[in-house]
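Enquirer: sequence and predicted structure, then a few things I'm wondering about:
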Amino acid sequence: MTGRASATSKHMIALLAAAGFAFGAALTVLFVHAAAAGAAREALADYAGTLLVFGRRIAAESETLVREVAASPGEACSAEDLQHMRTLLFGAALVRDVGRIRDDALVCSAALGRLPTPVPMPAPDLVTPGRRAVSVGTTTLVPGDEPALVLRIGDVGAVINPNVVRALDRAGMDYSLLIVDRARRRMVLGDGRDLGLDVDTVLDRRHVSRNGMLYEVRCPPPGALCVAAAAAAPSLIGQGQGVRLAWAAGGGMLGAAFALALVPWLRRRRAPEAQLRQAIRRGDIDVVYQPLVDVTDGRIVGVEALARWESDEGPVPPDVFVPLAEQHGFVGELTRLVVRRSLAELGARLRTGDLHVGINVAAADFLDETFPDWLQRQLDVAGVPAEALAFELTERSTADHANMLATITALRARGHRIYLDDFGTGYSSLSYLSRLHFDAVKLDRAFTHLLGSDALTASIVPQILAMIDTLDTRLVVEGVETFAQAEFLAKARPGALAQGWYYGKPMPAEALLVLLGARREG
Ligand SMILES: Nc1nc2c(ncn2[C@@H]2O[C@@H]3COP(=O)(O)O[C@H]4[C@@H](O)[C@H](n5cnc6c(=O)[nH]c(N)nc65)O[C@@H]4COP(=O)(O)O[C@H]3[C@H]2O)c(=O)[nH]1
């Protein structure tokens, strides 16, 4: 794996894992939060239900007591009447006192007996169906300033024991016991705390969530009794920051593991051309350089730039990915990358004028009218002369030579060299070759093994070489692998250029610069 490609692949995996972690953590926190909110609401609903049952008991007990006192046959406030009231009160655990009222004033009660001076009763806050008058306020029947709920039907009134509902208190929760007049949409707080709910909310809603609070309301029609319970909305079941972090970390790790499990699948899913295009756009293509030497003295006069791509599945040869880029119409992006990289990596040597770099181009590059001007800008920025850049066209790519002629002529006029690559594998005619006028013709490496061997004379190679000789062009022999081949060339083709493993394999820029430096000193 090339350094850049593997780094990107690792970068992608790290990004995927990070995204999985973040997603998992967020999802878990949300999920746990939702679960916590659900649990809190359930607890609150349970509390509201309990309050309603208890409220109904209070209402039933107080109303029964009042009606029984009212139905008492004895003379009002007589000793027997008081005794009777006390007996009844004794059996009503939720009621503090019961008494008789005359002209809106309390005249006697079970707890206080006959009053020397009648005590005025507060005006009713609400009258519900059945002439039940309800008031809430301080009363002599309850010591201190504690307000109490008084139910009055006709001439009998009962004070509800204020402490009895508080026995239902639950930690972290508040409640309201409400008496409502459904017809007029009015209500009175009978016991508990004012939770700030308006009568419409109490009558029409069961669940309310606002300002970080949860409310559960129970107000079954047609009764006048309603209850509401409230609690702060939970932040992760009300647990601390540490627990929250633990949940997030656990969920995050699960998310990351899941994301990583997807990596092989994602890799398989990505089409090779999509991977290649992305690699080119990100600059995840490496460029290596192979020396081009003068066969007479072995001097390095140039290099050929060759692209290298490490896909997600491993290295892909250029014979495969270059045609892929051509088929999908983005080979021009690859060419521009190779030009930019060559200028950036070898710029200093190319400026000296004693080295040139060969760039492989496809037909599409020479049909792209914007290419020559783009190229000129790159050269201007890099301060590299046009002579330092050669373009290598294959015989196959010159098929559309009529249309390419303009670009070839323009580039040659600017000083660039144009090479014909892989010569001998196509069907180039002499007239065609002389019209395009190449600065050099590169003999395909398929023929190189014949050089210096006995089979040479019987082969087509002498004819090919003779054809090259008739053109005013230079010969470049590709694929020189042995001393014998190099020796043959030095003797038989002085002045030719050659390229091959014998002189040097394609190598990264740093290695090439070291080699060039050593040759200079040597
Ligand atoms: N057996 C043998 N092989 C040798 C020897 N010396 C060099 N080679 C190989 O021969 C090929 C020479 O490049 P090419 O003919 O332009 O052929 C190139 C070229 O047509 C194309 N290519 C490579 N890079 C690019 C690019 O950036 N753009 C375009 N359009 N085509 C490219 O892919 C082809 C293959 O490139 P590579 O696989 O790099 O293969 C290179 C090189 O590694 C040798 O002594 N023996």
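Expert: Okay, I see it.
Enquirer: helix or strand right after whichever helix or strand Lys10 is part of?
Expert: Assigned by DSSP states H and E, Lys10 belongs to helix 3-70. The helix or strand immediately downstream of helix 3-70 is helix 79-90, counting by DSSP H and E.
Enquirer: give me the contact list for the next helix or strand after that next one.
Expert: As assigned by DSSP H and E, the chain's next helix or strand after helix 79-90 is strand 95-102. Outside strand 95-102, the residues within contact range by CB atoms under 8 Å, 6 or more residues apart in numbering are 61-62, 65-66, 69, 76-77, 81, 85, 88-89, 92, 106-112, 118, 121, 141-142, 148, 152, 155-162. All C-beta atoms are positioned from the backbone trio N, CA, C, and that covers glycine.
Enquirer: and strand 95-102, average pLDDT?
Expert: Strand 95-102 shows a mean pLDDT of 90.
Enquirer: likewise for stretch 166-181?
Expert: Across stretch 166-181, the per-residue pLDDT values average to 85.
Enquirer: how far is that stretch from where the chain is centred?
Expert: Stretch 166-181 sits 45 Å away from the centroid of its parent chain (CA atoms, centre = their mean, to the nearest Å).
Enquirer: what comes up buried for it?
Expert: 168, 173-181 (16 or more other CB atoms under 10 Å).
Enquirer: walk me through which strands the top strand by length along the chain pairs with, and which way each runs.
Expert: Ranked by residue count, the top strand of the chain under DSSP state E comes out as strand 300-311. Using DSSP bridges, strand 300-311 pairs in its sheet with strand 285-294 (antiparallel), strand 314-316 (antiparallel), strand 356-361 (parallel).
Enquirer: may I have the longest one as CSV, with CA atoms only?
Expert: If I follow you right, that is strand 285-294. Presented in CSV, the C-alpha positions along strand 285-294 are these (Å, rounded to 0.1, in the frame of the first residue of the first chain):
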residue,chain,number,x,y,z
ILE,A,285,-2.3,8.9,-6.5
ASP,A,286,1.4,8.5,-6.2
VAL,A,287,3.7,9.3,-9.1
VAL,A,288,7.0,7.4,-9.6
TYR,A,289,9.7,8.2,-12.1
GLN,A,290,11.8,5.9,-14.3
PRO,A,291,15.1,7.2,-15.7
LEU,A,292,15.6,7.7,-19.4
VAL,A,293,19.3,7.3,-20.3
ASP,A,294,21.6,8.1,-23.2
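Enquirer: coming back round to it: relative to Ile468, which of the buried residues of stretch 166-181 is nearest.
Expert: Met173 (97.4 Å; CB to CB).
Enquirer: quick one: residues contacting that closest one.
Expert: 43-44, 47, 229-231.
Enquirer: who wins for neighbours among those residues?
Expert: Ala229 (27 neighbours; other CB atoms under 10 Å).
Enquirer: may I ask you to confirm that that residue is in contact with Ala43?
Expert: No: with contact defined as CB atoms under 8 Å, Ala229 does not count as touching Ala43 (9.2 Å).
Enquirer: since we're on Leu436, how many residues are nearby?
Expert: Neighbours around Leu436, by other CB under 10 Å: 18.
Enquirer: tell me where the model's unsure across the stretch 51-200 of the chain.
Expert: 137-145, 163 (pLDDT under 70).
Enquirer: pick out the residue of it closest to the ligand.
Expert: Gly172 (70.4 Å; CB to the nearest ligand atom).
Enquirer: that residue contacts Ala233, doesn't it?
Expert: No: applying CB under 8 Å as the test, Gly172 and Ala233 come out as separate, 11.4 Å apart.
Enquirer: three-state assignment of the spatially closest residue to the residue of the stretch 51-200 of the chain closest to the ligand that is not a sequence neighbour?
Expert: Residue nearest to Gly172 in three dimensions, not counting chain neighbours: Ala231, with 5.6 Å by CB to CB, 6 or more residues apart in numbering. Following DSSP: H, G, I helix; E, B strand; the rest coil, Ala231 is assigned to strand.
Enquirer: contact partners for Ala231?
Expert: Counted by CB under 8 Å, 6+ apart, Ala231 has contacts 40, 43-44, 172-174, 213-214.
Enquirer: one more time with 10 Å, if that's ok
Expert: 40-41, 43-44, 47, 170-174, 213-216, 238 (CB atoms under 10 Å, 6 or more residues apart in numbering).
Enquirer: who does it form a beta bridge with?
Expert: Going by DSSP bridges, Ala231 forms beta bridges with Met173, Leu214.
Enquirer: quick check: pLDDT value at it.
Expert: Reported pLDDT for Ala231: 91.
Enquirer: separation between Leu337 and Val217?
Expert: Leu337 sits 68 Å away from Val217, going by CB to CB, to the nearest Å.
Enquirer: more neighbours, those two?
Expert: Comparing Leu337 with Val217 by other CB under 10 Å, the one with more neighbours is Val217, at 24 against 18.
Enquirer: buried residues, the helix or strand in which the more buried one is found. List them.
Expert: Using DSSP H and E, the element containing Val217 is strand 213-218. Of all the residues in strand 213-218, those buried under the rule 16+ other CB under 10 Å are 214-218.
Enquirer: around the ligand, which positions in the protein sit nearby?
Expert: Counting by CB under 6 Å from any ligand atom, the chain comes close to the ligand at 290, 306-307, 317-319, 322, 334, 338, 360-362, 392, 394, 421-422, 445, 478-481, 499-501, 506.
Enquirer: okay, and which of the residues you listed map to helices?
Expert: 318-319, 322, 334, 338 (DSSP state H).
Enquirer: between which two of these is the distance greatest?
Expert: Asp319 and Val338 (15.6 Å).
Enquirer: which of those two has more residues huddled nearby?
Expert: Taking other CB under 10 Å, Asp319 and Val338 do not tie; Val338 has more neighbours (20 against 7).
Enquirer: list of residues touching stretch 71-78?
Expert: If you take CB under 10 Å, 6+ apart as the criterion, stretch 71-78 is touched by 69-70, 80-85, 88, 99-102, 107-109, 113-115, 155-156.
Enquirer: span of that stretch from start to end?
Expert: Using CA to CA, to the nearest Å, the span of stretch 71-78 from its first residue to its last is 14 Å.
Enquirer: flag every buried residue along that stretch.
Expert: Neighbour-count burial for stretch 71-78 [16+ other CB under 10 Å]: 72, 76-77.
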